[in-house]
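Trainee: predicted model, plus sequence, below.
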Amino acid sequence: MKKKIIELKGLEKHYPVFGGVLKRQVNSVKALDGIDLDIYRGECLGVVGESGCGKTTTGKAIINLHAPTGGEAIYYPEDGDPMDLAKMSNRQMKNAGIRSRLQMVFQDPTTSLNPRMLIKHIIAEPIKEQEKLSARELEKKIVSILEMVGLSRMHLMRYPHEFSGGQRQRIAVARAIAASPEFIVLDEPTSALDVSVQAQILNLLDKLRKELNLTYLFVTHHLLVVKYISTRIAVMYLGKCIETCPTDELFSNPLHPYTHALLSGIPNPEVAAEPNRIVLEGDVPSPLNPPSGCRFHTRCPFCIDVCSREEPVLLDVGNDHKVACHRQDVVKELVKEKFGIEGYF
Amino acid sequence: PKDTFVFESYGTVRTLDPACAYDVVSHQRIMNIYESLIFFDGSATDKFAPVLATEVPSVENGGIRDEGKTYEFKIRKGVKFHNGNDLTAEDVAYSLKRHMVVDQEGGPMWMMLEAVAGVSSTRKDGKIIDGIFETIDKSIDVKGDSVIIHLPKPFPPLLAVLAYSYGGVILDKEWTMANGGWDGTVKNAAKYNGPAFGAEPLQKIANGTGPYKMVKWAPSNEFIFQRSDNYWGEKPQLNTAIIRYNKEWSSRKLALQNGDADRVTVDAQYLTEVQDMDNIKLFSVPQLSVTGAMFCQKINPEANPNIGSGKLDGEGIPSDFFADINVRKAFLHAFDRQMYIEDVWNNNVTIPTTPNAKGLPYSKEEPVYEYDLEKAAECMKKAWGGKVWEKGFKMVITHNTGNAQREAAALMIAENIMSLNPKFQIEVRNVDWKDYNVAYRKFQYPLFIIGWGADYPDPDNFLTTFMASTGVYGKYMGYKNEEVDKLARYARFEIDPEKRRDAYYRMQDLWYEDAPGVILYQKVDHFAYRSNIDGFIPHPMLDHEWENLKLLKKN
Amino acid sequence: MTAYIIRRLLFLVFVLFGVSILIFGLLSTFSPERRAAAYVTTPKQAENIPLIIQKYGLDKPFYVQYGKWVEQVADGNLGWSLVAARPVAQAFWNYFPTTLELNLFASPLVIIVGIWLGTMSGVHRDSFFDHSTRIAAIVGWSLPTFLFALILLMVFYGYLDMFSPGILSSDLSLWVANNPDKFVRYTGMYSIDGLLNGRLDITLNALSHLVLPVVTQVIVVVALLMRVMRSGMIEEMNKDYVITAKAKGADFKTIYKKHAKKNALIPVITVAGQLVALSMEGSIAVEVVFNRQGMGWWLAESATQLDMPVLMSVCMFVGLVFVTSNLIIDIMYAYVDPRIRLH
Amino acid sequence: MAVLLKAQDLTTNFYTYEGAVKALDKFSLSIDHGCTFGLVGESGCGKSVTVRSMLRVIQSPGVIEGGKVLFSEKADAEPVDLLALTEEEMESVRGDSISMIFQEPNAALNPVITIGDQVAESFLFHRVAEMSQKICDAIDSGESYGLLTPYYRAMLGVAAKNPKAPLLKFCSQVPFLKWWDKPVKKEALQRAIKIIGKLGIANPEEIVTRYPHNLSGGMKQRIVIAIALACHPTLLIADEATSNLDVTVQAQILQLLNDLKKESISSILLITHDLGVVAETCEKVGVMYAGTLCETGDVKDVFSTPLHPYTQALLTSVPKFNQEGELQSIEGSVPNLVNPPSGCRFHPRCPKAMDKCSTDKPELKELIPGHLVACHHADRVIGGLS
Amino acid sequence: METSTAMTAVQAHEHPRLRELKFTLARIFRNPSAVIGVVLLSFFIGVAIAAPYIAPPKYAHAPYKMPHKGFSPTPKAPSERFIMGTTSGQYDIFYGVVWGTRTAFKIGLFVVGIAGFVGITLGVLAGYYGGWFDEFLMRFVDIVWSIPLLVLAMTIVVAFGRGLENIMIALALVEWRWYVRVIRSEVLKLRNQEFVQAAKLMGVSDCKIILRHILPNSIYPVLIMGSMDMGSMVISASFMSFVGLGAPKGYADWGQMVALARNYIVGPSNDPLQFWYTIFFPGICIILFVLAWNLLGDALRDAFDPKLRRR
Ligand SMILES: Nc1ncnc2c1ncn2[C@@H]1O[C@H](COP(=O)(O)OP(=O)(O)OP(=O)(O)O)[C@@H](O)[C@H]1O
Ligand SMILES: Nc1ncnc2c1ncn2[C@@H]1O[C@H](COP(=O)(O)OP(=O)(O)OP(=O)(O)O)[C@@H](O)[C@H]1O
Ligand SMILES: [Mg+2]
Ligand SMILES: [Mg+2]
C-alpha cells in the first residue's frame, strides 16, 4: 500500500477583500474552498484547471507559504507522528525540522532567483540552514547538486541573469533539492520556458523524483505535460477539486463534464481530422461569489436542477478514481450524444 | 501722482492704539494721525512747540508750578477730530488717564506712571495695585480750557515724555468709549487694564486731530494716509502718502532708482550704493540711540554654552570672568575705533565716549581706552593674577541676527583679542533678536551688544539704563557701584540743572573708570529721498522709520 | 466612492490633528521665555517677560497649553499674529488671496507648459528639442528659486524698468483704497476683482506685477512635471496598444494625442501632490523676493520673527490644502484611469 | 494559387545597449491567397518581429534594415513593396488590407479608452468616406441629425470625397466646428456594435461603453479580433492569439477564427508556438529558429516528414497525446541574438552539425515541391527518404 | 550548456562582482550627462579634499570661518590678493567658495546619510513586517508628509534655533519620510517576490532575508534618490540661509554667500554689474554642484531602470 505523505481535509484559503469607510473585510476571494486530497509518497500528483481556479493557492497552502484559513493539511513524516501543517507557523515548522522538507519551485525562474546573488550563494543558502560545513565541503556539495541538475562547476560564480531560462529553472530546482526536501510543489515549472527546453526540465524533474524519492505536486494547465509527468491527476475548478484519479484513467475514462471539456480542448500536434470540441459557453465565475450548488453548473452543458442546488461531494467510484458530479454515471453517454466524442486519443 | 508720497520700508506696525504701541513704526503712524499736546520744535530735543496746547508750559509762563509738581496745559480751541467732534479739555484729560489705565503689558506707559504715580506699572506681580486708578484719576484735572497734571514729585522729563511718547496722544473721548475704550470710571477701570495683544480696542482704527487720516492699513503690505480736510493747522501739501512694506533691499533700491518710491529706508551698509545715485537727496541723521557692548560680570553658569567649561582652564571662562577690570580693559583696548568708523560706517558715525551721547543734555567727552593691542595684552597678563594669560580661555560673543554693524564689532573685538594669544578663543555667533533679548536677561551672554533709543531726551534715560544696577542694562551686566546707583536716583528728580549736571558728569566719569562696557556707536540713520521731495527736517529721535508727512513737499 | 470620500475626510481630520500636535510639540521645545519674547517688539518691553509668561500661561505643561489652544481654535481664535498685527484668522484673508492669485496663474501655465513640453520631448525623443528642454529643465531644477527670482528682478526691473515688484502700482492702489464702494474686493485678487468691477486697467496692472512671480514659479515647478510627462510618454509610446492603434491605421498624431497622452497623464497625476507641495514651497521664495505679501511671505516672516501662532496655523493650513488636493487628485485619478475604483 | 504576401530577405535589428539584436536575418516567406499559414517557433525566435516588420510597426529601438515585403491585395494585381510605401500610404494599408491580432489582449487594448471607441477607430481610419456618403444619402433622404444637420451635410459632403481635405483638418482644430464628424462617429460606433455582436459577445451595446479592464481575457481577445476584422482585411495576422488563454477559452477562440475564415477573410497568418494548434487549423506551416525560417511547407508534409533537424527535434520534444517513453529534448538553449551563431544558427545545438554548418548559412531550398528547407543536411535526408 | 554570451567566455576569469560593477559603470558612463556629472563631482571632491592647501585657513580651529580684511560692507572686485573678490564684510570669496565645497558635501552627506539611514531602517522594518508598526509609522509619515519640506524644515529650525547644524538636522528630520516611502514600497513589492518566498521556505531567518534578499534589491531607488537629494538639500539649505535662518555671516557656505550677495545683485545705476562676483561664484558653485548630482542621479536612474536591465 502506498504511504500518504500529505492529506488535505477540507483545506481552505480565503483571501480577504476590504472595503467600506473603515476598510473592514467585506468579502473574501474563495481561492481554495474546502479541498480534500491525498498525496502519496513518491508520486507526482498533477493539478490541472483553468487560470485562477486555485492551483497555485493549493500548493502554497499545503507548504504553509500562505497560511490556510481553514481545514487541515496533515503531514505524515517518514518517522514520527503526523502533524497538521495548517495549524503551524513557519517558526514551528522550522523547530520541528520539517520546514525545508517541503519545498516549492516557481513558475518564473527569473523572479524566483535573487538577481543579486551568485549561483553559489543561492544554492548554499538552504544548505547552510541545515548543516554547518566548511567552505570546501560546502562547495563540493553545491557542485554535486549542480551536476545533478545538469550544470557544472563553471557556473558557480555567475549571476542568474547570465543564464538562459532553462538553466535558471534548473538552478531553481537545484536550490529546492539542496534543502533535501521530501515534497516539492512545482508551480508550472515549464510554462515560462521555451518549448524546446521544456522537455529538458520535465525529464530532469522526472529523473530527480525517481533518484531522490521525492513527491511532487505538479501544478500546470498544460494537460499533455501532466499526462507525461504525473502518476495521478487532480482536476480543479473554482477552488474545488472535482476529479482525481491515476493519469491513464483520467485520459481514458474521464467522468466530470469539465474534464471532458478540458481534454477535448487540447490541440493535438498529430495531424488529424477536424477535431470535435466541447466549447464551453461563458467565462469562469468569480471566486468572490462562487455559484451555488455545483460550481460548474453555470457552464455545464449537461446541467440539471439538482446541480444548481446541491453541491456534489467527491465520490470514490473505484479504481482510485474520485469525482464530484451529480451525473457522473451518465456523462460519458451525454458527451457522445451531444458532441460525438468517444475518446481523446 | 504729484501729491502722493510713496515710502518703502520694512518696519511693521503693531498697533494703532497709543496706549499700547511702543515701537517707532507704530509711532510714525500714530503721530501723523493723532497729535499730542506739544511736540519737538524743529530738530531740537529739548525745545518744544505747542500743538494741541496753545503754549508750552514753563516756569516762566506759569505752566509749571509747585517746584515742578504741577503742570498746566491750555487746550487749543477749534480743533476737530477727523470724525468731526470738537477737541475739549475733557478729551485731553480722558486721554492721558486712559492710556495709563490701559497700561498693556510691555507697553510704554511706565514713563507716565512713573511721573504721575511713582510706579512703573499699574500691576505688581500680575495683580493690580490697590488704589492705583484713583491715583491716576486724581492726578489729572480739568479746569476750564486747561488740563492740570499733578505730580507727587518733580519729574523733569515730563514734557519730553508728553511730546514724544504715547502718553500725550489725544483721543476723542466719545469715539473711544463708543469703540470699546475705557468708560471713564475708576470703578470699571480694572476691566480695561492690560488687554491682550490685539485685544486693544483701538488697534486698527484711528480718529485723531492730526493732518492725516488713515485710509487703509493692510498689515505688512501698505499703509495709506490721506490728508484730513478739517485739520486745524496749515494744510499739508501732500494729499496722500503710501508707506509700503518692502524688505528686500535690491527691490527697494530699484524702486527708488526707478522713481516708484519717493523715499526708501537705507540701512547703513548700503549707503554707498545710494550715494552715487542720480536724483537722490541723502540725509544722514545721528540718532539719540546708542549701542554698546556690555560685559556681564556674573554670567549664569547653568547650562550655558557660551562660557565653555565655566572654569578658567583654557576651555572656558568662569562666570565672574569680567568682574576683573583688567579683562574689561583688555577688551576695550581691542576695539579699533578708527577702523570701525572707516570700514563699517564709511566715516559716517560718531562714537560717543559714554552712554550719554552727544545731543543729550550734560553730555561730556570722556577719555577712551584707545585701540592698542599691546596695552590689551598687558591688561590680560595682569588679569586674574596672570592666570588668564597662562591658561587662555574660550567663550562666545553674540550679536543679534541681521545687524551688520554689531556683527562687525563683535568680530572685530573677537579677532583682536584672539590675536593677542593663540590660547584665546572666541566664537562669534548670531542669535535671533527675540532670543537675544531673553538670553541676556538670563545672564547667558558674557558680552552682549545692544542698543538703546531715547524714550525721552534726558541723560536719565541713558545713564540710568546703562549704569544703575536697577537700570535695564546695568542690571544684566551685573555691574553694581553704590555711587552710581545713588547718583542715578538723585539726579532723576533733581530740578536744579547745576546739581543735575554735576551728578551726571560724575556718572560719566565713572563709566570711564569702571569700564563696564564700551559704547560702539551712536546710530546714524539715512534718509534717501528723490530729489523732488522737500521739507524733511532731521531729528535725532525720529529714526528711519519715521516721516513727518505734513512737512513734506513734492514738486 | 462615497465611502472613500468619507474615509478621506476622516483622514483629513486625523492629519490635521497630527499636524497640530506635531507643530505644537516642536514649538513647545521653546523655553517659556523665548515664547514670551515673541510678544515683545522693543527691548524695553523685554522687562515684562515673566508677566507675559504668566498671563499667557506659557509655563504650563504641554497638554494644558495644547488643550487651551484647541479650545481657542474651536472658538475660531487661531491666535494673534505679530507679523500681521492681526488675529491669525483675519490676517489669513489678507494674505491668502495673494498666494492664490499667484498659483491661479502659475498652475495652469505649469500644467500646460509642462505637459506640452513633456509630451513633445517624449514623442521626439533624443531630438534637439528633447535635449534642449531636458537641459533647461535640469538647470532650472538646479537653480535656487530665490536666486532665479533675484536675477529676473535685476534684469527686468533693474535694467528694463518693467514689471515692478509688489502687488499693484501705488496710484491704482490709492484709487482702490479711496473708493471702497466703487471697487468691491470680491476675491481679494486684483487681477480678478479688476475684471469683476470693470476696471481693466487694474487687472492689467495687477497682471504686470504678476509676470515675474509667475514666470519664476512656473520654471521652478515645471521641471518635475515635464520630466514625469516625458518618461511617461516614452513608456507609453512603446506599449502594445500603441502598436495596435498603429496597426489599425492610426496616424502619428492620433497615436500620441489620443492614445499615449492620456495614459502618460496617469503617472503625472501621481506626482501632482508633489507639484502642489513644490508650488507651496516656491511661493515662499517668490513672494519674499517680489515683495508680495502672501502666505509664503507670511510664513518666512513668521519663521524669522518667531511668530508661533502663525507657524502653527500655516502648517495646519498647508496640511489642509495638501490633503484636500490629494483627495481631489485621487478623484481625478479615478476619472482619468477607469481601472482605478475608489473604495 | 496566387501569392498574397511575400517577404524577401527581411532583416530587422534592435539597437539595444548590449548591442544590436539581430532579430531577423534574411527572412523570407510567402503566403498565398486564401490560405491559413502557421508560423511556429519558440519564444524569442522572432515571430512577432516578423509580422511587425511586415506591417512596419516595430517598436523602438528596432530598425528594419532591408528586404522587401511584396503584397498584392488582388490576386492578379502588381505586388507593392510595403517597405517602400510612404508612412501615409502604409497607414491606409494597415487595418484595412492587413490587420493584426496581438499576443497580449491585456496590453493590446488601451486601458483608458472605451471598447466601443477602440473598435470604432478602425472605421474612422478607413471608412470615413464611405460612411460620410451613407450619412449624406440618409440626410438627403430626409433623416435628421438634429439642429446641426445642414452643417453636417456640408462637411460630410466634403468628407465623402476626400476625408483628408484640408478644410476638415482645419475644422477639427476649432472648437465647436470640430463636431462635424459626430454622425460619422455615431455610425462607426454602430458598426462597432455590430461587429462585436457578430463575434458572439452578448449585449454588445453595453460592452462598447466599458473599459478593457471590465472584461475577461476571452472577451478582450474577441474585442481585439473585432478590431482586426473591422474592415474585412485581406490578410489577418494573429500573433499568438490564444497562447495566453486557458484551454477552454482557447478552444472558443480557435473555433471562432475557423468560422470567420470560412466566412470572410481571405488569408490568415497564425503565429503560435503550440504545434497542436497549427496542426489543427493551418494548411501551411513555417518553422522559425532564431530569426530565420528553417522549414516551410504543407502542414502534413512538415509534420510527418520534417526535414530540418530543428523541426524534427521540436516535434519530438513536445509531449503528445499518446506519448510513449521519454521526451526527446534539444540540448542547449536558444542563442542570444546579439551574437548569433555563425552559419546555420542552429548548429550549436544540432546533433548532426558538421563543419560547414558553422560557416555557411544554408539557403532555403525547395527540395520537395511545396516543401522548403534551409539545412545543409536536407539533401541527405531526402536521399534517405527516397 | 554554454550560454552564448561572448562576454562570459572572454571575461570568465574575472570575479563576477567586479564584472557586474564594470558593467554597471559602463552603463552609467555610456550616458554623456553622467560623464559630465562625474567629472564635475570629482572636481568638487578634489576641491573639498584639497581645501586646506588651496585656501589655508587662518584659524586652524575654525577653518570654516572665511578670513576677511576689514569690515566694509561694500564688496570689492577681484584683485591679486582676492582672486574672486570679497563679498560684503570683506570676506574672501575664493576662500568661501573652496571651503563651501566642504560645507556642501557636509550638508548633503549628513542629511542624506541620516535621512537615508533612518528612512531605510524604518521603511524596511515596516514594509517587511507590516502590522501595527507599519500602520503607526505610515500614519505618522502621512502627517509629516502633509507639510511641504521647506515649511516643516523652517518650523524645525525655528524651534531648534538658527544655524547650519540645525538646518541640517531639520532637513534630515523632514527628508527621511521620502526614504521610508520609497523603500517601503520597494520592500512591499519584494516581500511577495518568489525568491524571498523561496528563502522563507528554506527556513532562512527574517534578518538574513532582509539583509541578503530585500536590501540589495531595494536599495537602488534609494541610491538614485540619495544622489538627487545630495544636490537638492544644498538648495534647500541655501534657501533657509536666504530666509535668514542659516549659518552666521562669514561661514563658508555657498547658500549663505548667495544670501549675503542678494543685496548686491543689482549694482549702482551707473554700473549695474559692479558686484557680479559676489553672486556669480557661489551661485555657479551651487548650480554646478546640484547639476552634477542631478546628472549622476539621472544616469543612475537610467542604469538601474529595471525595464532596461539586461535579463
Ligand atoms: N494574494 C492574494 N490575494 C487575493 N487574492 C488572491 C491572492 N492570490 C490569489 N488570489 C486569487 O485566488 C484565486 C486563485 O488564485 P491562484 O493563483 O491559486 O490560481 P491558479 O490556479 O494558480 O491560476 P494560474 O493558472 O493563473 O496561476 C484567483 O482568483 C486569484 O485572483
Ligand atoms: N523592443 C525590443 N527591444 C530589443 N529586443 C527586442 C525587442 N523586441 C523584440 N526583441 C528581440 O527580438 C527577438 C524576437 O522577438 P519576438 O518578439 O519576435 O519573439 P517571438 O517569437 O514573438 O516570441 P514570443 O513567442 O515570446 O512572442 C527576441 O530575441 C527579442 O529579444
Ligand atoms: Mg498559478
Ligand atoms: Mg511574440
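Mentor: Done, it's in. Ligands and ions are numbered 1, 2, ... in the order given.
Trainee: just give me the longest strand of chain B.
Mentor: strand B:280-295 (DSSP state E).
Trainee: tell me the first helix or strand C-terminal of the helix or strand hosting residue C:220.
Mentor: Assessed by DSSP states H and E, residue C:220 sits inside helix C:200-237. Sequence-wise, the next helix or strand downstream of helix C:200-237 (DSSP H and E) is helix C:240-248.
Trainee: where does chain C have low pLDDT?
Mentor: Residues of chain C meeting the criterion pLDDT under 70: C:40-47, C:342-343.
Trainee: which residue ranges of it form strands?
Mentor: With DSSP E as the criterion, chain C has strands at C:80-81, C:86-87.
Trainee: returning to that earlier point: tell me which residues in the longest strand of chain B are buried?
Mentor: Neighbour counts over strand B:280-295 (16 or more other Cβ atoms under 10 Å in any protein chain shown) mark B:280, B:284-295 as buried. All C-beta atoms are positioned from the backbone trio N, CA, C, and that covers glycine.
Trainee: same check, this time on stretch E:182-192
Mentor: By neighbour count on 16+ other Cβ under 10 Å, the buried set for stretch E:182-192 is E:182-184, E:186-188, E:190-191.
Trainee: quick one: it near ligand 1?
Mentor: No. Stretch E:182-192 stays clear of ligand 1 (Cβ under 6 Å from any ligand atom), getting no nearer than 7.5 Å.
Trainee: please report the distance of residue D:160 from residue B:258.
Mentor: Residue D:160 sits 64 Å away from residue B:258, going by Cβ to Cβ, to the nearest Å.
Trainee: those two - which one has more neighbours?
Mentor: Legend: neighbour count by other Cβ atoms under 10 Å in any protein chain shown for residue D:160 and residue B:258, higher for residue D:160 (19 against 14).
Trainee: OK, contacts around the residue of the stretch 101-250 of chain A at minimum distance from chain B?
Mentor: Here the stretch 101-250 of chain A gets closest to chain B at one residue, residue A:116, 47.2 Å apart by Cβ to the nearest Cβ. Contact analysis of residue A:116 by Cβ atoms under 8 Å, 6 or more residues apart in numbering or on different chains lists A:159, E:216-217.
Trainee: any of those residues buried? List them.
Mentor: A:159, E:217.
Trainee: so which of the contacts of residue A:116 are in strands?
Mentor: Using DSSP E, none of the contacts of residue A:116 sit in strands.
Trainee: nearest to residue C:263 among the contacts of residue A:116?
Mentor: Nearest to residue C:263 among these, counting by Cβ to Cβ, is residue E:217 at 27.5 Å.
Trainee: got the phi and psi for the closest residue to ligand 1 within the stretch 151-300 of chain E?
Mentor: Using Cβ to the nearest ligand atom, the single residue of the stretch 151-300 of chain E nearest to ligand 1 is residue E:192, 7.5 Å away. Dihedral pair for residue E:192: phi -100, psi 10, per degrees, to the nearest 10.
Trainee: against chain C, how distant is it?
Mentor: Applying Cβ to the nearest Cβ, to the nearest Å, the value for residue E:192 to chain C is 20 Å.
Trainee: how about residue D:134?
Mentor: 20 Å.
Trainee: and if you look at residue D:31?
Mentor: Residue D:31 sits 17 Å away from chain C, going by Cβ to the nearest Cβ.
Trainee: quick revisit: rebuild the buried residues of stretch E:182-192 as a markdown table, extending it with secondary structure.
Mentor: Conversion of the buried residues of stretch E:182-192 to a markdown table gives the following (DSSP: H, G, I helix; E, B strand; the rest coil):
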| residue | secondary structure |
| --- | --- |
| E:182 | helix |
| E:183 | helix |
| E:184 | helix |
| E:186 | helix |
| E:187 | helix |
| E:188 | helix |
| E:190 | helix |
| E:191 | helix |
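Trainee: which one of these is nearest to residue C:163?
Mentor: The nearest member of the buried residues of stretch E:182-192 to residue C:163, counting by Cβ to Cβ, is residue E:182 at 39.9 Å.
Trainee: list the residues that contact that closest one.
Mentor: Shown in contact with residue E:182 (Cβ under 8 Å, 6+ apart): E:119, E:123, E:221-222, E:225.
Trainee: how about a cut-off of 6 Å?
Mentor: residue E:221 (Cβ atoms under 6 Å, 6 or more residues apart in numbering or on different chains).
Trainee: what of residue E:108?
Mentor: Applying Cβ under 6 Å, 6+ apart, the residues contacting residue E:108 are E:230, E:233-234.
Trainee: quick one, domains of chain D?
Mentor: Domains of chain D are assigned by automatic domain parsing as D:1-97+D:233-321+D:328-372, D:115-192.
Trainee: in space, what's closest to residue B:393 - neighbours in sequence excluded?
Mentor: Using Cβ to Cβ, 6 or more residues apart in numbering or on different chains and skipping the chain neighbours, the partner closest in space to residue B:393 is residue B:317 (4.8 Å).
Trainee: that neighbour: how many residues sit nearby?
Mentor: 27.
Trainee: cool, and residue D:161?
Mentor: The burial count for residue D:161: 11, using other Cβ under 10 Å.
Trainee: and for residue B:303?
Mentor: Residues lying near residue B:303 (other Cβ under 10 Å) number 6.
Trainee: got it, and residue C:200?
Mentor: Residue neighbour count, defined by other Cβ under 10 Å, stands at 10 for residue C:200.
Trainee: apart from its neighbours in sequence, what residue is nearest it?
Mentor: residue C:194 (6.5 Å).
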